[in-house]
Each structure stands twice: as C-alpha cells, then as structure tokens.
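Q: pasting a predicted model and its sequence here:
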Amino acid sequence: MHSRYEVVIGLEVHVQLTTKTKIFCGCSTAFGSHPNSQTCPVCLGLPGALPVLNQQVVEYAIRAGLATNCQIAPRSIFARKNYFYPDLPKGYQISQFELPITEHGWLDIDKEAGEKKRIGITRIHMEEDAGKLLHGGNSGSRVDLNRACTPLLEVVSEPDMRSADEAIEYLKQLHQIVVYLGICDGNLEEGSFRCDANVSLRPFGQVELGTRAELKNINSFRFIKQAIEYEVERQAELLDDGGKVVQETRLFDADTGVSRSMRGKEEAHDYRYFPDPDLVPLVVDEAWISRVRAELPEMPLVKRQRYVEQFELPDYDAGVLSAERGVAEYFEALVDLHAQPKICSNWVMGEVMRALKENGSTIIDCPVSPELLAGLLKRIDDNTISNKIAKTVFEEIWQTGKSADQVIEEKGLKQVSDSGAIEAILNEVIAANMGQFEELKAGKDKLTGFFVGQVMKLSKGKANPGMVNQLIQKKLSE
C-alpha cells in the first residue's frame, strides 16, 4: 500500500429480498425462470399501470434497520430516479432519496488484536431492481425483465473503511445479518447480495475526500477485495505521475484482475429525483416498529458471546457455531437433548460439518437430526460404543436414518467391556510381541499406544479402550 495516501472506501450494497412477489406488483421473484415470463403491466412500465407497495418489503426494511442500529423514519417517501437504459422499461427507477425508511446506523467490525472499528451506515432504503441485459452470440443483446421490480434494500455506508480487508469484514458481517434475519438468501452468484465500492485516495492529514471511482456490481468477496486493491494501486500510480483521478464508474474483470472505465459517475442531481406521484408517503408507527423489534432473532455477535458465557465454549467454537443461523439452531437443539456443550460442539463442528461439506448439503437438509445425534452421544457416554465406533455409527445413521441403537444392534458394534475377554486378547498380543512388551516394562511408555492399538485391531474396534489401558497397567505391575 502507498504510504503517501490514505485509502477511503464507502460501500453501497444491494440486498435482494426473499419476498415471494415483487415490490410493486404480484409477479413472482423466483430465480431462473424463462426470460420475460414473470412480468406484468406494472413491471413492464406500461402506460396507466399503477404500483402497489408490498407490505412485506417494508417489514424487511424495518428488520434490517433495527439489526444495524438505524433509526426508523416514521414517515418516508418514494422517489423517481430518472435515467435511460434498455433494462429500465419505465425510464425511471422507483427508489427513495430525501426521506428513506432508515438512517444513521452502524456496525462494529473486528480488527487485529481483538480491536473493534465502527463503520457508519448512512441509510438503508427500499427500491426496485432493473431488468437484465443478455449479451452474446450473433443475436446481439436482449432484455430479460423478470428481475424488473424485484425488491431491493440499498445499504449505504459512510466512507469509514481504510483498506480492502476492512471492507470485506464489513460486507461479511452485513451478509451474515441479512441472512440471519431471513430477508435475503445471501446468494452472491445469483446476485442476491452485490456491492458497489467507492474508492478514493487522499494525502495523509488531508480532511477533504479525494475524487472517487465507483466499482460496480461485484458479487464475490474475493473479487471485491481484488477490485479495491487494484483500484488503490491504479489511483496511486496516477497521482504519483501527476495525473488526476476522474470521477467515473468502472467495471472489474475478474478474469484479468483489471478494471475498465464504463461511464462518468453521475451525481444525485443528474437523476432528477422527485417524489413518485403514484405512491403515497409511507407511515410506520411505533407499534409496528416495536413488534418487529420483538420478533428479531438473536444476532450472531450476541449469540457468540452467549455461547462463550453460558456454554463455556472456546471463542473459536462459539464463532463457528453462531456464524450460520441454521447451525446455531441445530447446536442448541442438540444441547437441549445432551447437556454437554463442548462434546456437542465437537460433533457438530466435526462429523456433522464434514459430512455436510462432502455431500454438498446444508444444515437444513442434514439427515442426522439433533435427536438422532443425541441418541448416538448417549451410547458413547454409557460405554456402549467407543468414540471410534461412534463415527462408523454416525455414517450409517447418515445413510439410513436409523437410530444409533438400531445400527449398533444390527451391525453388532456394541463395545466389549468384559475384562476377561479383553484380557484374553491382550495376552495374545503380548505373546506375539514379547520384545516390545519388555521394552514397555523397561520404561518405554510410548509403546502403550501400540498395545492398545493391537487389541483394538483384534477386537475390531469393540474393546473398551479405557479397560484395555487398565489391563496393560495391571500386566506391567505383575
């Protein structure tokens, strides 16, 4: 990074909402449908078609505002943002400008050495999405208006970030919050969560902001980081050579790692905002806000701290388990059934997450329910099976949906705790490895593991490991 310049970053994040219908009409918001199959006179911008506000969009906006410490406006208005582009059938986008639904919020992000940094949120406002241009082939460009009128929240930050790493930390936390709230599916590849980054440089000590360039519609955390870092280098080199940064919108090419100029960056007055005459002012009373606040889920950072304090989990475990709402709910359901939080944590973070990753599944689709896993953990506790055998039982539960007891019975996996039977196997192992046993008696303690392993092998993993260790110690003292 260039030591002469301070990096200044502000982010505008478009959050696509998970409502079943669009913001101003009843058309479906389902992704991947045949082009132009989810349209009507309203989202096509036909003359005389009037918008009707989707109440669920307002509810989601209030949720997002409360979760990001924003003030909810008792009165807000919709405005027309005027510009001409082929994917905007009305010639304007219905958005909010002077009076958005939420303002003046913040998020605290983690920095090095456990430090926190507060990133201001200027506003969160509701708006409709535009359509989508499809380019390529000999057919030229075509327009798919399925996405037109899809509900969005635009989350505008203050220019408080000073590095690409800070920007990514903020984005990840915001992404986690909107998914936790259930207002966005968070799918970056499908464009449900996409970011415009405003990047500028200024000499250290200068108060006035530098001229910014906007990096448009980037839908990957990795690419956002690359784009910001490239833009910082580009601007620094330009300034070092005596040039000037031009205020513009740039597109980042992930394949080449380079951005290119798209168009000059507009100012607010270029859009000629004015209140939409087809939509009355939106009034949100305190009772509505209070109800939404009461229904908010516990947020990830609060949940993480509670796991450390209530369940005495390490901070790492608490962070992993609270990162995704579904995983947190699975873990808590398991602890309710098997009141040993650390053991539950180990199994969820270990076998459950491993199996989900290998099978490309999510926790919602996990075939091993908390009830089934709790049944397995009980059989470890009462020494019916060993930890090693438990992993085999887990795999069988995953494949069949059977209970641990059924699997143990059908596969004959019950742990052998008969001291006589285990001692007979141990005697056999010692007889076959008398040299190593003499070394063990002479003080080479590491060989204990060898003998335990051999007994477990001959018993096909069924011998109680604790009892094996006890019998070995007994043999050494004879």
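A: In hand now; what should we look at?

Q: now do the helix or strand hosting Leu238, average pLDDT.
A: Secondary structure from DSSP states H and E places Leu238 in helix 221-240. The pLDDT scores in helix 221-240 average 93.

Q: packing partners of whichever helix or strand Phe437 is part of?
A: Following DSSP H and E, one finds Phe437 within helix 434-441. With contacts defined as 3 or more C-beta pairs under 8 Å, 6 or more residues apart in numbering; DSSP states H and E, helix 434-441 has these neighbours: helix 447-458, helix 465-477. (Each C-beta comes from the backbone N, C-alpha and C, glycine too.)

Q: mean pLDDT for the ones you listed - can I get that in CSV?
A: Formatted as CSV, these follow (pLDDT from 0 to 100):
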stretch, mean pLDDT
helix 447-458, 80
helix 465-477, 75
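
Q: local confidence estimate at Ser417?
A: Ser417 is given a pLDDT of 62.

Q: with Ala113 instead?
A: 68.

Q: got it, and Ser290?
A: On the pLDDT scale, Ser290 is placed at 97.

Q: where along the stretch 151-300 of the chain do the helices fall?
A: In the stretch 151-300 of the chain, the helices defined using DSSP state H, counting those that start in this stretch lie at 164-180, 221-240, 286-295, 300-310.

Q: ranking the ones you listed by burial, who's on top?
A: helix 164-180 (a mean of 21; mean count of other C-beta atoms under 10 Å).

Q: off-centre distance for that one?
A: Centre-to-centre, helix 164-180 and its host chain are 8 Å apart (C-alpha atoms, centre = their mean, to the nearest Å).

Q: likewise for stretch 178-186?
A: Mean-position distance between stretch 178-186 and its chain equals 9 Å (C-alpha atoms, centre = their mean).

Q: I'd like the numbering to begin with 43 instead of 1 from here.
A: Shifting the count to begin at 43 puts that one at stretch 220-228.

Q: pull the CA atoms of it into CSV?
A: In CSV, the C-alpha atoms belonging to stretch 220-228 read as follows (Å, rounded to 0.1, in the frame of the first residue of the first chain):
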residue,chain,number,x,y,z
VAL,A,220,-29.4,-10.2,6.4
VAL,A,221,-29.3,-14.0,6.0
TYR,A,222,-29.8,-14.4,9.8
LEU,A,223,-32.8,-12.1,9.6
GLY,A,224,-34.3,-14.3,6.8
ILE,A,225,-34.7,-11.3,4.5
CYS,A,226,-32.1,-12.3,1.9
ASP,A,227,-30.8,-15.7,0.8
GLY,A,228,-27.3,-14.3,0.5
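
Q: need the helices of the stretch 193-342 of the chain in CSV (columns: distance to Leu468).
A: As requested, these are exported to CSV (distance: least, C-beta to C-beta, whole Å):
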stretch, distance to Leu468
helix 206-222, 52
helix 263-282, 54
helix 328-337, 61
helix 342-352, 42
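
Q: just give the number of residues close to Tyr313.
A: Residues lying near Tyr313 (other C-beta atoms under 10 Å) number 17.

Q: could you report the pLDDT at it?
A: pLDDT for Tyr313: 84.

Q: got phi/psi on the residue lying closest to Glu354 once chain neighbours are set aside?
A: Residue nearest to Glu354 in three dimensions, not counting chain neighbours: Pro383, with 6.9 Å by C-beta to C-beta, 6 or more residues apart in numbering. The phi/psi pair for Pro383 (degrees, to the nearest 10) reads phi -50, psi -40.
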